[in-house]
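**Q** Can you look at this prediction? I've put the sequence above it.
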Amino acid sequence: MTETINSIAAGANTSSAASQFGADTSGALRFITCGSVDDGKSTLIGRLLVDTRAVLQDQLAGVTKSGETDLALLTDGLAAEREQGITIDVAYRYFATEARKFIIGDAPGHEQYTRNMVTAASSADAAVVLVDATKLDWQDPTLELLPQTRRHSLLAHLLRVHSLVFAVNKLDAVEDPALAFTHISAALQKFAQSAGIQVAATIPVSALKGYNVVNASEGWAGYDGPSLLQLLEQLPNTPSDANLALAFPVQWVEKFSSSADTSQGRRVFWGRVAAGVAQVGAQVQILPSGQLATVAQVIDHARVPKSVNAGLSAGITLDREVDVSRGDWIVAAPVQIEAAEDDFDAPPAQSPWPASRELTATVAWMDNEPLVSGRVYWALHGHRWVKAKVRRVAHRLNINTLEQEAAEQLEANAIGQVELLLQEAIPAAAFTKARQLGSIILVDTASHATAGAVLIQ
């Protein structure tokens, strides 16, 4: 989190936004809106839906009273949300332009619903962090950002959200929009550089009036770049981990025990490829048993025989009957390392995904009960449940100063580093290397509530 940022592309044009990442932009973009309370996240999504004509007339009529349209109600679907005027759970909406399809997740801004934001961000390609200009001392060049703005930006960065965009909202409600945008964008850039966050762009918007949301408002707030939608159309999808060694968590076992074909295994192991490519002929190892086998057949979700890349669902059949159950991992077989010329002892084969019981990890704590040393939780890795004991709380991250502070526990919504001891070894990897192998969910053993999101270091 402390590495130096390469560049902050504030006001980048659409072509540079695309070339900055050099990735495919043909797939649907999954993005979330996040930030502090009442920063206008639901209103922004409503504006996107209305101005792209993704809302039917009867839907629009349902959120219009006395001639005024409440755009936030297009996403706030729960009765409690409409009554309280807040977003509680993540609401997903779908729309498309001529250039691209989009899946939007409207994440709640309240601190107590941070866990919902983490859930939405874990599968997002991009995050739009809204910043309410009216809540900040925009006339001060050294203004302080709101804690939730910092927290959501840090969480998006930790969760490897590939593109982060700052949208400075409600500039139409301040006396000098250009000055406010200059000071706020400078504060955002300073924070991003300190946190090691790479930002795709910083854009001034008015979700209520529609400035720079769908269509660019040239020169408004001293900004001449693309609108938010024009930028989103050029942002890349999150690259898959297909260039890594195979890792496949088994979710479901399909049995064909009545088949007379004994030339290969008679079970299909279904799941989503976490890393690498599932292909026929690959030498694999089953974890935790350690048995070796060869992939005899790979089919996709439509049962078409073909190789399947990371991020997609597949069915794998092995060349022989091997004891494999839900929760097991099928990974690339250990590779023999060449010995040095003066080394007469052949070194042992090394697995690309070695199993381990001791982990150091970053935790986004989401339970009301604090995380303390000695507590035992259920840990979900892939589809495997194991017991996990907290050996030590190393430190807590101060979201205001970005300093690592000594701590004995982590309270709700805190971010910190812990050491975990697992009941049995799992093929864990650094989250920065492989998303699926590097992520764990901690669950309270008594209440069965999700307690924390763990990112392995």
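**A** Done, it's in. Fair warning: this is a prediction, and the values are worked out from it, not measured in the lab.
**Q** switch to C-alpha atoms for all contacts and neighbour counts from now on
**A** Fine.
**Q** got a list of what residue 414 touches?
**A** 364, 365, 366, 396, 397 (C-alpha atoms under 8 Å, 6 or more residues apart in numbering).
**Q** where's it relative to residue 29, distance?
**A** 29 Å (C-alpha to C-alpha, to the nearest Å).
**Q** ok, now residue 303?
**A** Taking C-alpha to C-alpha, one finds residue 303 at 26 Å from residue 29.
**Q** for residue 102, same thing?
**A** Taking C-alpha to C-alpha as the measure, residue 102 falls 5 Å from residue 29.
**Q** who has more neighbours, these two?
**A** The neighbour count for residue 102 versus residue 29, taken as other C-alpha atoms under 10 Å, is higher for residue 29 (23 against 17).
**Q** tell me, what residue is most central in the protein?
**A** residue 122 (2.5 Å; C-alpha atoms, centre = their mean).
**Q** Who are the contact partners of it?
**A** 159, 160, 161.
**Q** What's the per-residue pLDDT of it here?
**A** You'll see residue 122 listed with a pLDDT of 84.
**Q** Next up, phi/psi of the closest residue to residue 409 other than its chain neighbours, please.
**A** Distances taken as C-alpha to C-alpha, 6 or more residues apart in numbering place residue 372 nearest to residue 409, at 4.7 Å, with adjacent residues excluded. Residue 372 has phi and psi values of phi -130, psi 160 when expressed as degrees, to the nearest 10.
**Q** who's in contact with residue 372?
**A** 390, 392, 393, 408, 409, 410.
**Q** cool, and residue 390?
**A** 372, 373, 374, 375, 376, 418, 419, 420, 421.
**Q** Relative to the whole chain's centre, how far out is the lengthiest helix in the chain?
**A** Once the chain is assigned using DSSP state H, the helix that runs over the most residues is helix 177-195. Here helix 177-195 shows a centroid-to-chain-centroid distance of 24 Å under the convention C-alpha atoms, centre = their mean, to the nearest Å.
**Q** now the stretch 1-150 of the chain, which segments are flagged as low pLDDT?
**A** Along the stretch 1-150 of the chain, segments meeting pLDDT under 70 span 1-26, 55-90, 109-113.
**Q** After whatever helix or strand residue 231 lives in, heading C-terminal, what element do we hit next?
**A** According to DSSP states H and E, residue 231 maps onto helix 228-232. For helix 228-232, the following helix or strand on the C-terminal side (DSSP H and E) is strand 247-249.
**Q** Next SSE downstream of that next one?
**A** Using DSSP H and E, the helix or strand that follows strand 247-249 in sequence is strand 252-255.
**Q** What lies in contact with the helix or strand that comes right after that next one?
**A** For strand 252-255, the following helix or strand on the C-terminal side (DSSP H and E) is strand 267-272. Counting contacts by C-alpha under 8 Å, 6+ apart, the residues outside strand 267-272 that touch it are 248-257, 310-318, 321.
**Q** Neighbours of residue 159, how many?
**A** 23.
**Q** For it, which non-adjacent residue is spatially closest?
**A** In space, residue 159 is closest to residue 122, 5.9 Å off (C-alpha to C-alpha, 6+ apart).
**Q** Against residue 303, how distant is the one you found?
**A** Taken as C-alpha to C-alpha, the span from residue 122 to residue 303 is 28 Å.
**Q** Next: residue 211.
**A** Going from residue 211 to residue 303 by C-alpha to C-alpha gives 47 Å.
**Q** higher neighbour count, those two?
**A** residue 211 (23 against 10).
**Q** where exactly do the helices run in the chain?
**A** Assigned by DSSP H, the chain shows helices spanning 14-21, 41-51, 57-62, 79-84, 114-121, 147-158, 177-195, 228-232.
**Q** partners of the strand ranked longest in the chain in the sheet?
**A** Scanning the chain for the strand with the most residues, using DSSP state E, yields strand 384-397. Each strand paired with strand 384-397, and its direction, by DSSP bridges: strand 376-381 (antiparallel), strand 404-405 (antiparallel), strand 415-426 (antiparallel).
**Q** Per-residue pLDDT of the nearest residue to residue 287 once chain neighbours are set aside, please?
**A** Excluding its sequence neighbours, the residue lying closest to residue 287 (C-alpha to C-alpha, 6+ apart) is residue 329, at 5.1 Å. Per-residue confidence (pLDDT) for residue 329: 97.
**Q** what do you get for residue 221?
**A** Residue 221 is given a pLDDT of 94.
**Q** wait, doesn't it sit right on residue 211?
**A** No - the criterion here is C-alpha atoms under 8 Å, and residue 221 misses it with residue 211 at 9.9 Å.
**Q** Just grab the bridge partners of residue 420 for me.
**A** residue 359, residue 390.
**Q** Give me the pLDDT for it.
**A** 97.
**Q** is it true that it touches residue 359?
**A** Yes - Residue 420 lies in contact with residue 359 (C-alpha under 8 Å); the separation is 5.1 Å.
**Q** and residue 121, what does it touch?
**A** 31, 32, 127, 156, 159, 161.
**Q** let's go with 7 Å and repeat that
**A** Contacts for residue 121 were tallied using C-alpha atoms under 7 Å, 6 or more residues apart in numbering; they are 32, 156, 159, 161.
**Q** Adding distance to residue 135 as columns, could you present those in TSV?
**A** Below are those laid out as TSV (distance: C-alpha to C-alpha, whole Å):
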residue	distance to residue 135
32	21
156	22
159	27
161	26
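**Q** ok, back up a step: buried subset of the contacts of strand 267-272, written for PyMOL?
**A** In PyMOL syntax, the buried subset of those is picked out as below (16 or more other C-alpha atoms under 10 Å):
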select buried, resi 248+249+250+251+252+253+310+311+312+313+314+315+316+317+318
